[in-house]
Every structure is written in structure tokens, then in C-alpha cells.
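*Asks:* I'll drop the sequence and a predicted model, then ask my questions.
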Amino acid sequence: MNAAIIERLGAVIAGIVVAVVAFYALYKDWNSTGVENQVFKLMLLLLGIGAILALLAGLNVVGFAPPVKS
Amino acid sequence: MAVASLAPDAGEVDQLYIETRELRLQGFLFFLISDCVLFSSFIFAYLYMRNSGQGWPPPGVQRLDVAFAAWNSVVLFGSGATMHYALENFKYGHFMRYMWFLLATIVLGVMFLGGQAYEYNHLIFGEHVTWAGSGIFGASFFTLTGMHGFHVFIGVCYLTVLVLQSAAGVYTRGKYFGITAGTLYWHFVDVIWVVLFSIFYLL
């Protein structure tokens, strides 16, 4: 197994975990009030989106992968 | 290491802190907005130059491989999640859990910086992409990711100070703006990386 596959696998698994954690935290904080909590909610949303992007990159759906040398 | 326990009651909070907390928060948010403007100016300059040229990437430069960057990004995003739970645990008085989450955040931040150093090494010595010798791409990539890496480094230093201060009992359940500011800053650093990761590796 080459390094790129391990990196992609790590990105996919960790991406799922981080996305779930971020969206769960967002769900739990949804009804919180105050300026800082609104900022936290926005940040958690963007964090979840970032994790999904990394997950998609790991799955080779987005981004560039150089051809594998045989 | 001896760890001070949390003072549970809000009765010990000084009046000045209560009166100035909102002002501190606003001041810190203005700082983050100014930092956001700084990054935005570089990001939009990069996007403008990228779209005004003859194709992308420029001749002689290969597109960046996304596999390692995706893994390194998830490391940083994971640190955002641990930082969030560090603050939540502090709010609810779980001091040891707070400390473990905070330490995990620092470790993940250092791992991200190590990953970035590894990638720089690969790009500079393996693919000969340099700050000055690879045109707009090299200059933009190293300036923006370097600036971001510097922010992560500052964040790691800040969080290390938080660990030391927390162990010394500086923060209580009624007075912990430093931890809130640290969490806001760390989330900000994460969100900036979402944008940088997208424009350099995914577009």
C-alpha cells in the first residue's frame, strides 16, 4: 500500500469523524444565544464543511491526484 | 504536575470583569475581522492573478497533490473540534477533560505544522517550487500558507500559555475570557485553512 492511499484513507476516516463531531456540536449549540455563540456556530458550520471537503478530496471526488506510477 | 481546581461559584467574579467582558469580546472580534481582511486581500489578489493569466497552473509548475494536504487539513480541523470541546468542558466544570482536550489541540496543531514543513520540503526540494522562482503561484502559495502557518504557530503558543495559566488556577467558571478568545482564534485559523485548502488544492 503506498503512502498516498494511506493518506487518503486517513483523510476519509478522520474527515467523517470531524464532520460528525462538528455538526453534532453545532446541533447541540443551535439554541444558544449571545455574540460569541453565534460566531462559534458559524465557525463550526465552516469547520464541518471543511471536513467534508477534505473527505471528498480523500475520496478523489475533488482535487488533483497525480497518475500512480506502476 | 499539581493542577488547581476550578472555583465553582460566580460570586468571586470581580465587577470590573463583568462590566468589561463584552468590550473585550468586541475588541477580539474586531481583531479577527482585521486579520480576515488581511487574508482576504492576499486571497483575492491570488484569485485575480490566477484568472487573468493564460491557463493555470503556469508552465513548469504541476498541480498540487491533494492526498497529503487532505490528511493534514483533517488534522487541523480535528484540532478545531477538540478546542471546542475543551471550552465546553471548562464551562461545565470538567477541568481534567478540559486540560486533555486542550493538550490534544496543541498536539494536533504541532502535527499540522510538521505536515506543512514536510510539504514545503517536498515542494522546494522535490518539485523545485520556490517562493521567488515559481512566479505568481509560488509567491502566492508560500505567502498565504506561510502566513497561515505563522498564525497556527502563534495559536499553539497561546494555547500553551492557556495550559500553564489554567494549571495555575488563573481561570474560574465565572472568569474565563482568555479561553473563549483562544477558542475563537483557533476556530478562525481553521476556517482560514478551509479557504486556503479549497483555492490551492481543490480549484
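*Replies:* The structure has been received and is ready for your questions.

*Asks:* which of the residues in the longest helix anywhere in chain A are buried?
*Replies:* In terms of residue count, the longest helix belonging to chain A (DSSP state H) is helix A:3-28. Using 16 or more other C-beta atoms under 10 Å in any protein chain shown as the test for burial, helix A:3-28 gives A:4, A:7-8, A:10-12, A:14-15, A:17-19, A:21-23, A:25-26. Bear in mind the C-beta positions are built from the backbone N, C-alpha and C, glycine included.

*Asks:* can you give me every residue that contacts the most centrally placed residue in chain A?
*Replies:* For chain A, the residue nearest the mean C-alpha position is A:A51 (0.8 Å; C-alpha atoms, centre = their mean). Counting by C-beta atoms under 8 Å, 6 or more residues apart in numbering or on different chains, A:A51 touches A:15-16, A:18-19, A:22, B:74, B:77.

*Asks:* switch the cut-off to 7 Å
*Replies:* Residues near A:A51 by C-beta atoms under 7 Å, 6 or more residues apart in numbering or on different chains: A:15, A:18-19, A:22, B:74, B:77.

*Asks:* please identify which pair of those residues lies farthest apart.
*Replies:* A:A22 and B:V74 (11.4 Å; C-beta to C-beta).

*Asks:* contact residues of chain A facing chain B?
*Replies:* For chain A, the residues in contact with chain B (C-beta under 7 Å from any C-beta of the partner chain) are A:4, A:7-8, A:10-11, A:14-15, A:18, A:21-22, A:25, A:35-36, A:39-40, A:43-44, A:46-47, A:49-51, A:53-54, A:57-58, A:62-66.

*Asks:* is B:G146 part of a helix or strand, or is it coil?
*Replies:* When classified by DSSP: H, G, I helix; E, B strand; the rest coil, B:G146 comes out as helix.

*Asks:* tell me how many other residues crowd it.
*Replies:* 13 (other C-beta atoms under 10 Å in any protein chain shown).

*Asks:* kindly report the same for the one 10 residues further on.
*Replies:* For B:V156, the neighbour count with other C-beta under 10 Å is 21.

*Asks:* got a list of what it touches?
*Replies:* Residues in contact with B:V156, defined by C-beta under 7 Å, 6+ apart, are B:106, B:109-110.

*Asks:* closest one to chain A out of the residues you listed, please.
*Replies:* For those, the minimum distance to chain A (C-beta to the nearest C-beta) is 14.4 Å, reached by B:G109.

*Asks:* how far away is the closest one from B:G138?
*Replies:* 25 Å (C-beta to C-beta, to the nearest Å).

*Asks:* is whichever strand or helix holds B:S40 anywhere near chain A?
*Replies:* Using DSSP states H and E, B:S40 sits in helix B:15-52. Yes: Helix B:15-52 reaches chain A (C-beta under 7 Å from any C-beta) through B:25, B:29.

*Asks:* shaky segments in chain A?
*Replies:* A:1, A:65-70 (pLDDT under 70).

*Asks:* swap in chain B?
*Replies:* By pLDDT under 70, the weakly predicted segments of chain B are B:1-13, B:54.

*Asks:* what does it put close to chain A?
*Replies:* Near chain A, when you scan chain B using C-beta under 7 Å from any C-beta, you find B:25, B:29, B:63-68, B:70-71, B:73-74, B:77-78, B:80-81, B:84, B:180, B:184, B:187, B:190-191, B:194, B:197-198, B:201-202.
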